[in-house]
Structures are given as structure tokens and as C-alpha cells.
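Peer 1: Return atomic coordinates for the entry below.
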Amino acid sequence: MDAHAVAPSGADVGTHDRFGNPHAPALPYARGQILTSTEDDFRKLRQAWRYLSARIDAHGPEGVYNCSGLEHGLPLSADELPVASDFVAPALYFDRFRQAALEHMSGTPEQHDAALFNRITGATYSTHLTLVQPGDTVIAVSASYSHPSVLRAAAHVGATLVDTAGLAEFEAALDREHRVALVVITRLAVTYETMPQTDLERVIELAKARDIPVYVDDAGGARVGPALFDQPGMLELGADLVATGLDKYGTSGPRLGVLTGKKSLVSRIRARGFEMGMEARPLLYPAAYRSLAESTPERVQQLHATSRAVAGSLREILGDRLHETPVISELLADDILEIAMERAGLTSPPIVPFEASAVLALLLVRDYGVLSVHLVGVPPGTAALMFKFISPEALERFGGPDAFARAVDDCLNKLAELVDNPSAVSEFLFGREVAS
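Peer 2: Numbers count the residues shown, from 1 in each chain. Down below sits the predicted model:
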């Protein structure tokens, strides 16, 4: 993939899906005629909630299976509820949270500090608002492409984002661009491809040689890198700022963002976050502390092993259509649409791949109570249906890897029955809404 610059307006990155549809601005997929905007993504999410509510009415909470790989609960114990207020909780837990965050991210209390944000996007935006000025350039680097939140943060502050894939593209961009205010690294890309440690070290070295601060969007990489690839923490490698999520891969929630890094930078970014309303509610410090303190590499490895078992069962049904990286497996949206078209006997696509992926995700909710990562982001950061870091407990309750693979296959068949009728697709995704 060639490096591409994203202008402050969030211009189209100039790529297309397999069917020739141009990707939407600041997104890695085409929008189509049904899911045309983030507003439509929320309407789709409301319909998913309706299906989920009906599922719970029929089967109880045990009929729901979180297979998203993410933990979005609130792990507070009974004895913490009396102190769960914005006044008391931070008084008792901020220092414990800070210590756990620095240990988790391989920081040192002498050099580093920690701040808690409402999500990683809050940390990313606050970092850009603090360190980047209108007219500046931000160079991002990953194995493939950066999360849409990075593109939006640069656009929001009036900067140009140059998104690069791999070390060679990054080096070329760094030599070419002027007024580079920030380098953003994503160790584990949205596509779940990883950057080698030697490349990470070189990117940081080159940025430091030009006195450019380095921010790492280490959402899941903060645990996947060390637990699965024996990589050190990004602060150990010399990054100035590193953010991770408390809902991803070995942590227990809630969906919060933790920013760690150089004390002087974290102090400024934390303050900007407070000013812009992007800080986490202080009553959540106990949950954040526990999520960090109880995370282990062994749990990450266990989640990874479960997901590989699911991949094995899916591969028996889907063959090479199942796309795999060393970290996850996934059905690319283009393949989802192609499978549905083949099963329906169609030669031309009535909808775009992203819409097909959305239907498949909602079918899994409606008919099997399976929650996938597609229903987490608004808008989703990818059009693929990912199978990643599925908890062994949820999978065992569902019936195991083979039962899960059969459910996906059944929902692909049901997608094939809908795909030739865009009106039926729209009604399935949105329901019959009553105008207010």
C-alpha cells in the first residue's frame, strides 16, 4: 500500500474495495446506499439492541455470547460500590491506578506518568490537540494502515496526516515532509498485522534524531506484543507516549483509554483532556486499577489459543476464504459478499461489502446471541468480521468451535437469502422505524 496523505478535510484515501467501490472518507471501506453515515451506523446498532433484547427475553442473559474479543463490563466488587463516586474513588485509587498502569506499560515512576481517558480515542485526540498545530504534518506508521481515529484527530487540529505502511514508507515520508509535529505508531494494526521490533526501534530512533515526539496507539498491542511476540513495552523502546485500552485482550474492562509517557507530556495532555471533556469519570479508577493489575500474559495466550481453535473449525467450512494473520482470523467483507452472491447465484453485487458484513453481524446476534466486534465501533474501524481473543468461557457455553463455525455458516446462508433485495437488507438493518 502506498503512503497517502489525509488532508484536514478527511479526504478520501484513494483506495477501493474488490468491487470497485471507493472507500469513504477516513474509512477503509465503501459506504454504499444503505449504511451511508455514522448516523446510519447508530440506527443499525439500535436494531441490534432490539434483536438482543428479544434474544434475552427468550433465552435470558445466558443466551448472549460475547465473542467480540472485548470486555465492556464494569468490574467493580461489592465492597467498592460504596466508594464509587467521582469524589472518593480517585482519592483511594488514583495512586494505585498510576502504579499499575506504569507497571503494565513498562514505565518508571521517576520518568513517566499515567492518565485515564474515556477511551483510546480520547487520548489520541488530546495528544493531537496538545502537540499538533494547524498546518503541521503527522506521520503515522503501521504494518498496513492507522485506525480512523488517528486520521480524524489529525484532521480535527488542521494537520495533514501521512499514513505509511512499514519502515521504508515511513523513512521516505520523514525525508520528504516538513513541519512534522508528531509520529504515531500502531504496533498491532487494524488489520492485526504486527510491526517487527527492529522496525519499531528504527522508527523511534529516526523520530528522536529530529526531536519529533512519538505517540503509540498501542490499543491491543500493549499486551499482544509482549505476550505473543516477546516484544518489550513501547516505553522501554523509547516512545514518548503510549496509549492502550482496558477492554482489549487480557484486560477486564471497562472501555477506557490509559495514556502513559513522559511526565511533562502526560501532564499537559491530561489537562487538555479535562478541558475537552475526554477524561474518564474518576469513579472508574477502581475498575481501571483492577483491569491493569490482574492482566497476565497467560490470559492473552489463552484467548489467542481459543481463537485459533475457532479458526480451525471455520477453515473446514470456508477454506481459503478465511483470512488469517498470526494473531486473528477474519472474514473480509469482500469475501462475505462474494460468498453470499455465490450461494444466491448472483453475478453482480446488489450491496457493498460493508453492508453484507453488517447483515452477517446482526444475523449472528438475532439468531445465535453472538456479539461480534462489528457492533462495537460507531462507525466500525473495519468492515471485516473478526474472530479474535474469544474467551474460552463464552465459547464453551456456546458449544465449542465447531458449533460456532456452523452458526457462522448458517448466517451466511441467511445473508444469501437477503442479499438480492436491498430493501429487505435495509429493513433488517434498521427495522420499521416510526418517524418522530
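Peer 1: can you give me the end-to-end distance of stretch 62-80?
Peer 2: When the termini of stretch 62-80 are compared using Cα to Cα, to the nearest Å, they are 26 Å apart.
Peer 1: mind listing the strands for the stretch 151-300 of the chain?
Peer 2: Secondary structure of the stretch 151-300 of the chain, counting by DSSP state E, counting those that start in this stretch: strands at 160-165, 180-185, 214-217, 241-245, 257-262.
Peer 1: Distance to Glu427 for these - can I get that in CSV?
Peer 2: Every C-beta, even on glycine, is put in place using the N, C-alpha and C of the backbone. CSV is the format used below for those (distance: least, Cβ to Cβ, whole Å):
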stretch, distance to Glu427
strand 160-165, 37
strand 180-185, 40
strand 214-217, 37
strand 241-245, 34
strand 257-262, 36
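Peer 1: Let me have those strands in CSV, extended by mean pLDDT.
Peer 2: Shown next, in CSV, are the strands of the stretch 151-300 of the chain (pLDDT from 0 to 100):
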stretch, mean pLDDT
strand 160-165, 97
strand 180-185, 98
strand 214-217, 98
strand 241-245, 98
strand 257-262, 98
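Peer 1: Which among those is found nearest to Pro350?
Peer 2: strand 160-165 (31.5 Å; Cβ to Cβ).
Peer 1: Pull up the pairing partners for that closest one, direction included.
Peer 2: According to DSSP bridges, strand 160-165 has the following sheet partners: strand 4-6 (antiparallel), strand 137-142 (parallel).
Peer 1: hang on, isn't Ala311 packed against Lys388?
Peer 2: No: if you go by Cβ atoms under 8 Å, Ala311 and Lys388 don't touch, sitting 9.6 Å apart.
Peer 1: what is the mean pLDDT for the helix or strand Arg315 falls within?
Peer 2: According to DSSP states H and E, Arg315 maps onto helix 297-318. Averaging pLDDT along helix 297-318 yields 97.
Peer 1: so how far is that helix from its chain's centroid?
Peer 2: 19 Å (Cα atoms, centre = their mean, to the nearest Å).
Peer 1: what's that helix packed up against?
Peer 2: Helix 297-318 sits against helix 221-229, strand 329-331, strand 385-387, helix 392-398, helix 401-418, with contacts defined as 3 or more Cβ pairs under 8 Å, 6 or more residues apart in numbering; DSSP states H and E.
Peer 1: ok and the first one relative to strand 137-142, angle-wise?
Peer 2: When you say that, I think you mean helix 221-229. Computed with axes from the mean of the first three to the mean of the last three Cα atoms, to 10 degrees, the direction of helix 221-229 lies at 30 degrees from that of strand 137-142.
Peer 1: can you offset everything so residue one is 419?
Peer 2: That works, and once the first residue is 419, the last one we named lands at helix 639-647.
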